[in-house]
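S.K.: sequence and predicted structure, then a few things I'm wondering about:
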Amino acid sequence: MQYKKYQQGDVILRQVSEEEFNNESRIGYKTTKHDKRAVLAEGEETGHYHAVYMDDMLEGAGITLCASSEYDKQNRGVIVTGAPVEIRHEEHNTITLEPGFYLQRIVNEHDHISGITRRVAD
Amino acid sequence: MYMNLMQLIKEAKPGTFLKSRGGQRYTYDKFSFVKEKKNTVKVYTGHTWNVIEDLVKEHLTESVICTLTPEGVTFKLPKVDKGKRYNNNHHVTWNMGSFFSLGLLYGCYTRHSMGLTLVQCNIKKKNATVVPHGVMKFDWEGNLISEIPKRAIKQYNTWYKGVKATRNAQSRARYAQQKAEREFKKYDKAGELDKYPIANVFLIQNAQLRSYAMNAIGLEKVLAPYPVKVVNTETIEGQGKYELVDIQLPSISIYQFGRRTKSQPKWCLYLKMTNQSTGEYHLEGVPRKSDSWNSYIPEETVRGALAWRDGEEPERGHGFDSGKEKVSQWKYIEPVILT
């Protein structure tokens, strides 16, 4: 499968078609209203965010975050509408997402000490 | 005529029956409660009502899962065929779990742990875990009133010892990880990083802090005590240089194939890279086939490690096909933007 991939640190965003996005089972819960920022991922230890800041968004731009349920803390999909949006992070350069459908995941890491595979924690 | 289960046991005429389906997780199971003789109801199960009807007509006792009396419920669990046994269980418990799902016996259910099926029930009104055995008799409050055979007690003790050992090992690992992080922060604050035990850098679980520690102490200094082999190197356009390195870490005890292996030095694969935004070094662990049964890098190259890291590894079979990965199907897709 070919798709465009965007990566900011440990967050990977795959741009997919609307059909493919809707076929993904883990994006049932959608949030369109965000206070100051739409947080794609939050650093468990550092408290840094991969986020889109609402005040700096272009006119007409919209962002919808998708998770599997209301209680799912991990964001799994992003829908960008109207105009491009910028994702910022304290320790990475900003990336710009064109309007479209994106599936989100966190990169894997294997801990040789405890012998388990997990999402990278930062 | 409407009647409840106790009325069926005590008052109904022989031949009278009640029907029910299984509860949560067992909704496809069907039960027939048939009054056989005075104060005795036998519970039959099958995949369809017709099958159950035939079993009842033919009085096939092997399809009876338990017997109900006013005093309680008695299970006679069939033995697992030795030739087909693939785990530690000696008795078949599927139908028992299914009966428990009806909620007739308070607080009773079956569960699985470390390759063993266990029965959660009550003994003298206190919650207890028991290894299933031949004849198990419960009163209507869910208390196990039959005697537990020595073999079941021995098997339980072995299981409990294993659980305790795993829990303690995980707890020790967690404590060591937290201690490593705490001490690093302390030494860093005091400006005495040269006193920090270098081996503890690999114990730091937080990727951001681990990366910071490696850069603060110096990657060469961190890796200096250990034998290191460079397995593969590749420069990817727009992403910089990646190295897949094999580091021999001392004394790693891992939980594999149901048991904890002896503590010994182990070659561990790490992907060495540079953060494109800050220029800092990163070391992230990746598993080879011997590290994990279901999730490992498709080949020992930088691209193979990156594909696994980004979740683009090949599909792997299940059951009999496990381990037969379709290596030709995986491909590392380079990000258009990486920061």
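M.R.: That came through, no problem. Worth saying up front: this structure is predicted, and the values here are computed from it rather than measured. Residues are numbered from 1 along each chain as shown, chains lettered A, B, ... in the order given.
S.K.: hey, C-alpha coordinates of stretch A:69-89 in CSV?
M.R.: Backbone C-alpha positions of stretch A:69-89 (Å, rounded to 0.1, in the frame of the first residue of the first chain) are rendered in CSV as follows:
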residue,chain,number,x,y,z
SER,A,69,-14.3,5.8,22.2
GLU,A,70,-14.9,8.6,24.6
TYR,A,71,-12.5,6.9,27.1
ASP,A,72,-9.7,6.1,24.6
LYS,A,73,-6.8,8.3,25.6
GLN,A,74,-4.9,7.7,22.4
ASN,A,75,-5.8,9.7,19.3
ARG,A,76,-6.0,7.4,16.2
GLY,A,77,-7.1,9.7,13.4
VAL,A,78,-7.0,13.3,12.2
ILE,A,79,-9.3,15.0,9.6
VAL,A,80,-8.1,18.3,8.3
THR,A,81,-10.6,20.5,6.4
GLY,A,82,-10.6,23.8,4.7
ALA,A,83,-7.0,24.9,4.9
PRO,A,84,-3.6,23.4,6.0
VAL,A,85,-2.9,23.2,9.7
GLU,A,86,0.4,23.2,11.6
ILE,A,87,1.4,20.6,14.2
ARG,A,88,3.8,21.9,16.8
HIS,A,89,6.0,20.4,19.5
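S.K.: can stretch B:114-126 be found next to chain A?
M.R.: No. Figure legend: stretch B:114-126 not in contact with chain A (CB under 8 Å from any CB of the partner chain); closest approach 15.5 Å. To be clear about C-beta, it is placed using only N, CA and C from the backbone, and glycine gets the same treatment.
S.K.: may I have the distance across stretch B:14-32, first residue to last?
M.R.: With CA to CA, to the nearest Å as the measure, stretch B:14-32 spans 14 Å from end to end.
S.K.: list the contacts of that stretch.
M.R.: With CB atoms under 8 Å, 6 or more residues apart in numbering or on different chains as the test, stretch B:14-32 has contacts from B:3, B:5, B:8, B:33-38, B:43-49, B:52-53, B:56, B:65, B:95, B:97-99, B:101-103.
S.K.: quick one, phi psi at B:G240?
M.R.: When read as degrees, to the nearest 10, the backbone of B:G240 gives phi 90, psi -170.
S.K.: that one touches B:T274, doesn't it?
M.R.: Yes. Judged on CB atoms under 8 Å, B:G240 makes contact with B:T274 at a distance of 4.9 Å.
S.K.: elements contacting whichever helix or strand B:T158 is part of?
M.R.: Taking DSSP states H and E as the definition, one finds B:T158 inside helix B:150-190. Secondary-structure packing of helix B:150-190 (3 or more CB pairs under 8 Å, 6 or more residues apart in numbering or on different chains; DSSP states H and E): strand B:116-123, strand B:126-130, helix B:207-217, strand B:259-260.
S.K.: quick one: mean pLDDT over it.
M.R.: When pLDDT is averaged over helix B:150-190, the result is 88.
S.K.: mind listing what's buried in the lowest-mean-pLDDT helix or strand in chain A?
M.R.: When each helix and strand of chain A is scored by mean pLDDT, DSSP states H and E, strand A:116-119 comes last, with a mean of 80. Of the residues in strand A:116-119, A:116-117 count as buried by neighbour count, 16 or more other CB atoms under 10 Å in any protein chain shown.
S.K.: residues in contact with it?
M.R.: The list of residues contacting strand A:116-119 from outside it, by CB under 8 Å, 6+ apart, reads A:10, A:106-111, B:287, B:292, B:295.
S.K.: so what's the spatially most central residue of chain A closest to, chain neighbours aside?
M.R.: Residue closest to the mean C-alpha point of chain A, counted by CA atoms, centre = their mean, is A:L40 at 4.0 Å. Spatial nearest neighbour of A:L40, excluding adjacent residues (CB to CB, 6 or more residues apart in numbering or on different chains): A:H50 at 4.5 Å.
S.K.: just to revisit the earlier point, now do the contacts for the residue nearest to the centre of chain A.
M.R.: Per CB under 8 Å, 6+ apart, neighbours of A:L40: A:11, A:49-52, A:65, A:75, A:78, A:87, A:104.
S.K.: narrow these to those that are buried.
M.R.: By neighbour count, with 16+ other CB under 10 Å, these hold A:11, A:49-52, A:65, A:75, A:78, A:87, A:104 as buried.
S.K.: narrow those residues to those in helices?
M.R.: Among the buried ones among the contacts of A:L40, the subset assigned to helices under DSSP state H is empty.
S.K.: and of these, the nearest to B:L269?
M.R.: Comparing the buried ones among the contacts of A:L40 against B:L269 with CB to CB picks out A:V11 as the nearest, at 23.3 Å.
S.K.: A:Q104 is in contact with that closest one, correct?
M.R.: Yes. Under the criterion of CB under 8 Å, A:V11 is in contact with A:Q104, at a separation of 6.6 Å.
S.K.: need the residues touching each of the two.
M.R.: A:40-41.
S.K.: so where's the stretch 1-150 of chain B shaky on pLDDT?
M.R.: Counting by pLDDT under 70, the stretch 1-150 of chain B has low-confidence residues at B:1, B:83-87.
S.K.: go again using 80 as the cut-off
M.R.: Flagging of the stretch 1-150 of chain B using pLDDT under 80 yields the residue ranges B:1-2, B:47, B:51, B:55-63, B:81-89, B:115.
S.K.: quick one, helices of it?
M.R.: If you assign secondary structure with DSSP state H, counting those that start in this stretch, the helices in the stretch 1-150 of chain B sit at B:5-10, B:49-58, B:94-100, B:150-190.
S.K.: which among the contacts of stretch B:14-32 end up buried?
M.R.: Restricting the contacts of stretch B:14-32 to buried positions leaves B:5, B:8, B:33-35, B:43-46, B:52, B:56, B:65, B:95, B:97-99, B:101-102, with burial counted as 16+ other CB under 10 Å.
S.K.: from these, list the ones also adjacent to chain A.
M.R.: Near chain A, by the rule CB under 8 Å from any CB, you find none of the buried ones among the contacts of stretch B:14-32.
S.K.: B:R288: neighbour count?
M.R.: Per other CB atoms under 10 Å in any protein chain shown, the neighbour tally for B:R288 reads 19.
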